[in-house]
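fold the following for me, if possible:
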Amino acid sequence: MLAQFMMYSEHKLFESATRSDKSWQIGYSGLLIFGLLFFVSCAFYRDMWFDEAYTVAMIRHDFFRICEITARDVHPPLYYIIAKLASLIWGQDIVVYRLVSVSGMMLFMLLGVSHIRKIFGNSVGFYYTFFTVFLPIMLEYSGEARMYAWAMFFTTSAGIYAYLSYKQNQNQRWALFVVFSLLSAYTHNYALLGAFFINLSLVTAVIVRKRYLLKPCLLAILVQVVFYLPWLFALIGQVISVTKEYWIVINYQHLLRDLLVFYFAENLPGHAVKLLSFIWLAVCGFGLYAAVKQKKQHFVLALVSLFIYLAVIGLALVLSLVKPIFITRYLMPNSGFLLIALAFGLASFKRQIVPLLLCSAILIAAFVNFYLHYDKIYSPLNHSLRNDIVYSLKPDDIFLYTDIHPAGIYSVAFPDNQHYVFLKGGQEEAKPNPFQPELTIIYDLNVLKEYKGRLWLIESANSQILYGHLGKNDNLFTVIDYARTYEMPYLARKGFVFVGSLLQKEPGQVPELTDSE
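Residues are numbered from 1 along each chain as shown. Model (predicted):
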């Protein structure tokens, strides 16, 4: 089915042979080569942040346990199932999971050549593919062991096949539309929102323009509902859980700025990010406006794409008035629709000098971003804390944390040792712990009162709760190695700076933390 999807017509990918078409073929081929080099070359670093450690921990479980954990968390299970299947073939390794993401990003990029080009024409397909390869955010998420690349591929494919079903009314198109909508819904909840608005747009268009398609349209929607029902109860539980407690806080004062600069903001300097973001959106937006005003072919489809992208954001922000559920990386699952709309706008310019200048600026930014990103992820400093631990780690050593982020990372890195994360004043969480059995959440330090041996204490630099407290109890704790701050480039870019120390513990009651500590 995937082969049929990538080649939805009976013709070859590049079936024309005119001089103009050969030029487009060379352009597309160049983009595909650059995309492959960009994405693959940034997938082989071995350090990870918490979300990737979560993925590694999840994939160590069987398929049933993966579904059970995700049902009680906030994500659907499909990405973890895809990565689990890859691990059964190529082994359980962070690089394997990153290459799974690269595969999703490559498929997302190929949509520009295989589908968008055929629907909108060469120019729109080219600019869409160009944005996919060279926007800085794509490099960041292509190499992370997370579900965003696959979510983009599934939602964009669902939108494409919704349109092809509407235009051609063929059973194969309707079937692929249903399949990709369901894949979207089972990959990320924001991809579920994207699938919802795709279906809403399709049924609206059918009612308004082609009522004879109402029966197959409603049948397609019914099939989606039936096959999503098994997960619907889990989704309801997730919604209830989120309304009670969720970690997201929205800074509305800077929200618009964060939304506008998101696609350039990973590694480039702040002023360059703002300038490039403004120029990109302004130029493409002006072209889209002019195309709509002139009623160019497919302008409605470009507007529908933009509607789907903005509708998801709008609904998420409305729901966030009750409980914040939106952060900028949740823009990723439906980014394909924004890229389609902006590529259509850029292709609408009569004089190619404007697109050429814009693409040149983005290209320069992309190479600068690639250099900075590559230098960040492959920096030897990223191994500093891990190397210090490996140098003197003993089999009976235990790890103690006060933050789930280092706890997740290093419990995955050192699975043969026991790990404890201490949450002051906490209560037993209802969510399952995917890091078990290596990592145990504790709320009382006296769980360790009988322990005698060495203890690695790793805390976040901005929340050092235990180092000073334990150091006051020198009859129980002897500091072997004083606290060192590890500013590792990759984790620091994610907002994490850790402090590590090594202590020797004697058996005994650990005094409780005071409120001032």
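
which stretches of the stretch 151-300 of the chain form helices?
Taking DSSP state H, counting those that start in this stretch as the test, the helices found in the stretch 151-300 of the chain are 171-185, 189-209, 214-244, 252-261, 270-294, 299-320.

of the ones you listed, which stretch is the most buried?
helix 171-185 (a mean of 22; mean count of other CB atoms under 10 Å). No exception for glycine: its C-beta is placed from N, CA and C like everyone else's.

so which of the helices of the stretch 151-300 of the chain gets nearest Lys452?
If you check each of those against Lys452 by CB to CB, helix 214-244 wins as the nearest, at 39.0 Å.

does anything pack onto that closest one? Which helices or strands?
Applying 3 or more CB pairs under 8 Å, 6 or more residues apart in numbering; DSSP states H and E, one finds that helix 214-244 contacts helix 63-71, helix 148-168, helix 171-185, helix 189-209.

swap in 6 Å and give it another go.
Other elements packing on helix 214-244 under the criterion 3 or more CB pairs under 6 Å, 6 or more residues apart in numbering; DSSP states H and E are helix 171-185, helix 189-209.

so how far is it from its chain's centroid?
The offset between the C-alpha centroid of helix 214-244 and the centroid of the whole chain comes to 22 Å, using CA atoms, centre = their mean, to the nearest Å.

export the helices and strands packed on helix 214-244 to a markdown table and tack on mean pLDDT?
Putting the helices and strands packed on helix 214-244 into a markdown table (pLDDT from 0 to 100) gives the following:
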| stretch | mean pLDDT |
| --- | --- |
| helix 171-185 | 97 |
| helix 189-209 | 97 |
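
can I get these in a markdown table with distance to Asp444?
Putting the helices and strands packed on helix 214-244 into a markdown table (distance: least, CB to CB, whole Å) gives the following:
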| stretch | distance to Asp444 |
| --- | --- |
| helix 171-185 | 41 |
| helix 189-209 | 35 |
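
to His115, which of those lies closest?
helix 171-185 (10.8 Å).

what about the closest one, distance to the chain center?
Taking the mean C-alpha point of helix 171-185 and that of its whole chain, the gap between them comes to 22 Å (CA atoms, centre = their mean).

stretch 292-303 now?
With CA atoms, centre = their mean as the basis, the distance from the averaged C-alpha position of stretch 292-303 to the chain average is 31 Å.

got the end-to-end distance for that stretch?
8 Å (CA to CA, to the nearest Å).

who touches it?
Applying CB atoms under 6 Å, 6 or more residues apart in numbering, the external contacts of stretch 292-303 come out as 120, 291, 341, 344.

list just the nearest of those residues to Leu503.
Closest approach to Leu503 among these (CB to CB): Ala341, at 56.3 Å.

host element of the closest one?
helix 335-347 (DSSP states H and E).

who touches that helix?
Surrounding helix 335-347, the residues in contact under the criterion CB under 6 Å, 6+ apart are 123-124, 127-128, 131, 152, 156, 284, 287-288, 302, 305-306, 308-309, 355.

show me which of these is closest to Pro432.
Compare each of these with Pro432 using CB to CB and the shortest gap goes to Met152, at 27.6 Å.

tell me which two in the contacts of helix 335-347 are the farthest apart.
Ile308 and Pro355 (24.0 Å).

distance to Arg329 added to the helices of the stretch 151-300 of the chain, as a markdown table?
Supplementary listing: the helices of the stretch 151-300 of the chain in a markdown table, determined by distance: least, CB to CB, whole Å:
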| stretch | distance to Arg329 |
| --- | --- |
| helix 171-185 | 17 |
| helix 189-209 | 9 |
| helix 214-244 | 17 |
| helix 252-261 | 10 |
| helix 270-294 | 16 |
| helix 299-320 | 12 |
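
how about those helices, which one is nearest Val421?
Between Val421 and those, the shortest gap by CB to CB is with helix 214-244, which sits at 19.8 Å.

now that closest one and helix 299-320, what's the angle there?
Interaxial angle of helix 214-244 relative to helix 299-320 (axes from the mean of the first three to the mean of the last three CA atoms, to 10 degrees): 30 degrees.

so what's Leu455 bridging to?
Each beta-bridge partner of Leu455 is listed here, defined by DSSP bridges: Ile398, Leu503.

if I look at it, how far off is Val497?
When CB to CB, to the nearest Å is applied, the distance between Leu455 and Val497 equals 21 Å.

pick out whichever of these two has more residues nearby.
For Leu455 against Val497, the residue with the higher neighbour count under other CB atoms under 10 Å is Leu455, and the figures read 20 against 14.

contact partners for that one?
Contacts here follow CB under 6 Å, 6+ apart; on that basis Leu455 touches 398, 400, 503, 505.

same check, this time on Ile69
With contacts defined as CB under 6 Å, 6+ apart, the neighbours of Ile69 are 432, 434.

what pLDDT does the model give Ala302?
According to the model's per-residue confidence, Ala302 sits at a pLDDT of 96.

tell me how far it lies from Tyr309.
Distance of Ala302 to Tyr309, computed by CB to CB: 11 Å.

same check, this time on Ile89
Plainly put, Ile89 is 35 Å away from Tyr309 if you go by CB to CB.

mind listing residues that contact stretch 184-197?
Contact partners of stretch 184-197, identified using CB under 6 Å, 6+ apart, comprise 76, 78-79, 147, 150-151, 154-155, 158, 181, 228, 308, 311-312, 330, 333-334.

at 8 Å what do you get?
74-79, 147-148, 150-151, 154-155, 158-159, 181-182, 224, 228, 231, 235, 238, 307-308, 311-312, 315-316, 330, 332-334, 337 (CB atoms under 8 Å, 6 or more residues apart in numbering).

can you check stretch 480-499 too?
The contact list for stretch 480-499 (CB under 8 Å, 6+ apart) reads 45, 47, 49-50, 266-267, 375-377, 379, 381-385, 388, 405-406, 454, 457-462, 464, 467, 500-504.

are any of the residues you listed buried, and if so which?
In terms of neighbour count (16 or more other CB atoms under 10 Å), the buried residues within the contacts of stretch 480-499 are 45, 47, 49-50, 266-267, 376-377, 379, 381-382, 384-385, 388, 405-406, 454, 457-460, 464, 467, 500-503.

okay, and which of these map to helices?
Using DSSP state H to define helices, the subset of the buried ones among the contacts of stretch 480-499 located there is 50, 376-377, 384-385, 388, 405-406, 467.

of those residues, the lowest pLDDT goes to which?
Lowest model confidence among these falls on Tyr467, which carries 86.

do you know how far it is from Ser411?
In this structure, Tyr467 and Ser411 are separated by 19 Å, where distance is defined by CB to CB.

and what of Asn267?
In this structure, Asn267 and Ser411 are 28 Å apart, going by CB to CB.

can you pull the buried residues of the lengthiest strand in the chain?
Once the chain is assigned using DSSP state E, the strand that runs over the most residues is strand 477-486. Of the residues in strand 477-486, those buried under the neighbour-count criterion (16+ other CB under 10 Å) are 477, 483, 486.

closest to Leu393 among these?
Taking CB to CB as the measure, Leu393 lies nearest Tyr486 of those, at 15.7 Å.

from the centroid of this protein, which residue is nearest?
Computing the C-alpha centroid of the chain and ranking residues by CA atoms, centre = their mean puts Tyr148 first, at 3.4 Å.

for that residue, what are its contacts?
Taking CB under 8 Å, 6+ apart as the criterion, Tyr148 is in contact with 101, 141, 188, 329, 332-333.

again, only this time at 6 Å
By CB under 6 Å, 6+ apart, the contact list for Tyr148 reads 141, 332.
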